[in-house]
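Peer 1: Output the structure for:
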Amino acid sequence: MTPPPGGKAARRAAAAAAAATAAASAASAKVTSVVDAISGSPEHAEPEHAEPEHAEPEHAEHPATTGYGTPASDACSVLWDHDGTSAYGTAATARFFVIVEQPGPWGRDAARESHLDRELGAELEGRTSRAGGRFMLIRRPGGHPANDGPRHVFVAHAGARPEDAWLLVAEVDHVGDLLGLDWGALARGSRALVQASLLGSRPAEPTLLVCTNGRRDVCCAVRGRPLAAHAARVAPGRAWEVSHTGGHRFAPTAVLLPWGQTFARLDERASEWLLGASESGHLPAELLGPLHDRGRSGVAGPSQCAESHVRSETGETRLAALWADAPEAVDDGWDVTVTHADGRRWHVRVTREPAGRTRPESCGKKAVEVHEHRATIVEAWF
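Peer 2: Alright, predicted model coming up:
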């Protein structure tokens, strides 16, 4: 897209006009959110609220962008939204997370391409990955000034069962202090030992991380940054921009800590539901099902799919109430046992099947055949 003449002020005006046009179109269609657009439930829509003025968007001139918060019609996430492709079983697998606040710009490989020391970032990411976890950078929504003050650090254990999940937060003057983490204890989920190895750490409230790294995919910046800003206004300190969650095609995407519960196609109302429900260890019922629930990171993809499917079928919103065992490979897929805290169990058959269409998994990439995880309850015991 050719930048409008007149510098930043003109570009801001153009972006505002594009946003107003988009809002008018949405109002005429009686759709005010991604949730409504995908689920076909505009009767639950609420009036749109005026957004506060934002700084000029970092990625406003990317060719896949038609305005701040409004992706182009051929952007990868728009195409996948239109198809309603299932998000089941697509959460990045990780038993735990190590997350560092790093202001300023991020590159595609944020751990090595930011104002964080490159060698330190690579070492922390390597240690985390080798122990079975995921290393990510976060920053406060809004402007991204680079500064060298104390950093927030989050350490979360998602675990094989959601009842085992925990989240710690600390402020550190030197990110290198994280090298002293008890990595073995973190992999095992020993909260006490991890807390002892991270000075000043304390339990933290459930926290939502919204992917906004436009260097990986423009959809994450265009759709994720406004969402992260809204969530941070709703729950200050509990919502952050994050460098990478995977699944650009499902933008806006987010991870709910400590459980590693991962979501697709969020919008502002959905972020409010998530932040509210998670305070009591629940998920919002509106986000159950294959359109929004990508799965829980502590288990493999087929187990994520089986657990999400049973959760949707039963309407169970308590995070700790359901867990899926490791998948067992069979000829046409996987068998997974899902257990409820009250003793109920389900035998679920999971397959990964072609959807009969091709789509790019990221903006600018070649289209590939789309596959979906699909689940069927074979037997249940009560």
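Peer 1: Going C-terminal from the lowest-mean-pLDDT helix or strand in the chain, what's the next secondary structure element?
Peer 2: When each helix and strand of the chain is scored by mean pLDDT, DSSP states H and E, strand 65-67 comes last, with a mean of 38. Next in sequence after strand 65-67, counting helices and strands by DSSP states H and E, comes strand 70-71.
Peer 1: wait, what's in contact with the most centrally placed residue in the chain?
Peer 2: Against the mean C-alpha coordinate of the chain, by C-alpha atoms, centre = their mean, the closest residue is residue 254 at 1.7 Å. Residue 254 makes contact with 208-211, 227, 242, 245, 262-263, 266, 271, 274, according to C-beta atoms under 8 Å, 6 or more residues apart in numbering. Placement of C-beta: from N, CA and C, glycine included.
Peer 1: How about residue 184, nearest residue that isn't a chain neighbour?
Peer 2: Using C-beta to C-beta, 6 or more residues apart in numbering and skipping the chain neighbours, the partner closest in space to residue 184 is residue 131 (7.5 Å).
Peer 1: With residue 286 instead?
Peer 2: Residue nearest to residue 286 in three dimensions, not counting chain neighbours: residue 273, with 5.9 Å by C-beta to C-beta, 6+ apart.
Peer 1: Am I right that that neighbour is in contact with residue 292?
Peer 2: No: with contact defined as C-beta atoms under 8 Å, residue 273 does not count as touching residue 292 (10.2 Å).
Peer 1: mind listing the strands for the stretch 1-150 of the chain?
Peer 2: For the stretch 1-150 of the chain, the strands defined by DSSP state E, counting those that start in this stretch cover 65-67, 70-71, 96-101, 133-139.
Peer 1: Check the stretch 201-350 of the chain too.
Peer 2: 202-203, 207-211, 239-242, 254-257, 261-263, 293-296, 322-324, 328-330, 333-340, 345-359.
Peer 1: Quickly run through the sheet partners of the third one, with directions.
Peer 2: Listed by DSSP bridges, the sheet partners of strand 239-242 and their directions read strand 133-139 (antiparallel), strand 207-211 (parallel).
Peer 1: re the thing from before, quick check, the residue nearest to residue 184 in contact with residue 186.
Peer 2: Yes: look at residue 131 against residue 186 with C-beta under 8 Å: they come within range, at 6.4 Å.
Peer 1: And the helix or strand containing residue 184, how far out from the chain middle?
Peer 2: For residue 184, the element it lies in under DSSP H and E is helix 183-188. Chain-centre distance of helix 183-188: 24 Å, with C-alpha atoms, centre = their mean, to the nearest Å.
Peer 1: Run through who's touching stretch 100-114.
Peer 2: Taking C-beta under 8 Å, 6+ apart as the rule, stretch 100-114 contacts 58, 115-116, 118, 121-122, 124-125, 135-140, 144-147, 151-153, 175, 178, 213, 215-216, 240, 243-244.
Peer 1: now those: which count as buried?
Peer 2: 58, 116, 121, 124-125, 135-140, 144, 151-153, 175, 178, 213, 215-216, 240, 243-244 (16 or more other C-beta atoms under 10 Å).
Peer 1: Let me see the contact set for residue 306.
Peer 2: 324, 327, 334, 336, 338, 346, 348, 350, 375.
Peer 1: How much space separates it from residue 378?
Peer 2: From residue 306 over to residue 378 the distance is 11 Å, taken as C-beta to C-beta, to the nearest Å.
Peer 1: which residues do the two both contact?
Peer 2: With C-beta under 8 Å, 6+ apart as the test, residue 306 and residue 378 both reach residue 348.
Peer 1: tell me the contacts of residue 256?
Peer 2: 206-209, 262-263, 274, 278.
Peer 1: mind checking which helix or strand residue 372 is in?
Peer 2: Going by DSSP H and E, residue 372 is part of strand 368-381.
Peer 1: er, residue 171 I mean
Peer 2: Per DSSP H and E: strand 166-172 holds residue 171.
Peer 1: So, low pLDDT: which residues of the chain?
Peer 2: 1-69, 143-146 (pLDDT under 70).
Peer 1: Where do the helices of the stretch 151-300 of the chain begin and end?
Peer 2: 183-188, 191-197, 218-234, 268-278 (DSSP state H, counting those that start in this stretch).
Peer 1: list the helices and strands the first one packs on?
Peer 2: Yep, that's helix 183-188 we're talking about. Judged by 3 or more C-beta pairs under 8 Å, 6 or more residues apart in numbering; DSSP states H and E, the packing partners of helix 183-188 are strand 96-101, helix 191-197.
Peer 1: Of all the ones you listed, which one is nearest residue 360?
Peer 2: For the helices and strands packed on helix 183-188, proximity to residue 360 was assessed by C-beta to C-beta; strand 96-101 is nearest, at 27.8 Å.
Peer 1: Report the angle between that closest one and strand 166-172.
Peer 2: 30 degrees (axes from the mean of the first three to the mean of the last three C-alpha atoms, to 10 degrees).
Peer 1: partners of strand 96-101 in the sheet?
Peer 2: Counting by DSSP bridges, strand 96-101 is paired with strand 133-139 (parallel), strand 151-157 (antiparallel).
Peer 1: Quick one: closest of those to residue 220.
Peer 2: strand 133-139 (12.8 Å).
Peer 1: Run the angle between the closest one and helix 218-234 for me.
Peer 2: Going by the same axes, to 10 degrees, strand 133-139 makes 70 degrees with helix 218-234.
Peer 1: now strand 133-139, how far from the centre of its chain.
Peer 2: 12 Å.
Peer 1: now swap in stretch 228-248 and tell me
Peer 2: 8 Å.
Peer 1: Same question for stretch 306-323.
Peer 2: 19 Å.
Peer 1: Check which residues of that stretch are buried.
Peer 2: If you call a residue buried by 16+ other C-beta under 10 Å, then stretch 306-323 has these buried ones: 306-314, 316-319, 321-323.
Peer 1: ok, back up a step: just checking, what packs against the strand holding residue 372?
Peer 2: Against strand 368-381 (3+ C-beta pairs under 8 Å, 6+ apart) you get helix 301-314, strand 345-359.
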